[in-house]
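Engineer: I would like to see how this sequence folds:
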Amino acid sequence: MYLVFILMFGFLGMRCAAPKEEVKTYPKNYVHPLREINLEKVFSENRGLEILEENATTVYDYYRGGVQEKEEGERLMKESKWAEARAHLEKSNRFLRVVIKYLPEDEPSRNVYGDQMVIFLPNLLIADNDLKLLAVYKAMKNDDEVAEVKGDGQHYLAESLKRVKTEWGYQIGKRFEDEPPKK
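Structural biologist: Alright, predicted model coming up:
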């Protein structure tokens, strides 16, 4: 009987003495520089097994799928394949809106599994997608979509910057401001 209590307290003591996961905290108005949080880092963290919409089961699956679709859309934009790029960027937004439904706040670093940490910015990624979609719609001469996507992008950018201030976010905001209003 005493042996059971000794073992229990021994295990509890070991658990308490185990190193705790360090959580980074930032000053309230800290702006994450581009060298710390940028699109290429987000892409590299989410490469690997392709996530299909029908196979996504967790919020992280949807996040990863959204990032993968965004990367493909941007690649197609560089090749001027506007219709294909549009489809991938819009699919990315669908994935990311599922994420926001369950985890609505951006985070500079989020634990997604075990000790795997990722840059977690679904709102900022949607805002960036919408900025890219502005260029796609203009190239496709689809002016009807321009005003709506600009408004959506500015909304998601504001949601992102409420929680995580980034140079990347401020650059997107500046590019939205530089967009001429629809006539």
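Engineer: max-length strand in this structure?
Structural biologist: strand 107-113 (DSSP state E).
Engineer: element containing Gly66, please.
Structural biologist: Per DSSP states H and E: Gly66 is located in helix 59-78.
Engineer: List the buried residues for that helix?
Structural biologist: Neighbour-count burial for helix 59-78, counted by 16 or more other Cβ atoms under 10 Å, picks out 59-74, 76-77. Quick note: C-beta positions are derived from backbone N, CA and C, even for glycine.
Engineer: on that earlier part again, please name the strands paired to the longest strand of the chain in the sheet, noting orientation.
Structural biologist: strand 116-120 (antiparallel) (DSSP bridges).
Engineer: What are the contacting residues of the partner strand?
Structural biologist: 37, 41-42, 45-46, 63, 103, 106-112 (Cβ atoms under 8 Å, 6 or more residues apart in numbering).
Engineer: tell me the contacts of Leu133?
Structural biologist: Per Cβ under 8 Å, 6+ apart, neighbours of Leu133: Arg86, Leu89, Glu90, Glu145, Val149, Gly153.
Engineer: where does the last one land in three-state SS?
Structural biologist: Three-state assignment for Gly153 (DSSP: H, G, I helix; E, B strand; the rest coil): helix.
Engineer: From Thr166, how far out is the residue nearest to it when sequence neighbours are not counted?
Structural biologist: Among residues not flanking Gly153 along the chain, Asp130 sits closest, at 2.9 Å (Cβ to Cβ, 6 or more residues apart in numbering). Between Asp130 and Thr166 the computed distance is 16 Å (Cβ to Cβ, to the nearest Å).
Engineer: And Arg47, by the same measure?
Structural biologist: Distance from Arg47 to Thr166, by Cβ to Cβ: 21 Å.
Engineer: so what pLDDT did the closest residue to Ala139 other than its chain neighbours get?
Structural biologist: The shortest distance from Ala139 to any non-neighbouring residue, by Cβ to Cβ, 6+ apart, is to Trp82 (4.8 Å). Trp82 is assigned 97 on the pLDDT scale.
Engineer: and Trp82, what does it touch?
Structural biologist: Val136, Ala139, Met140.
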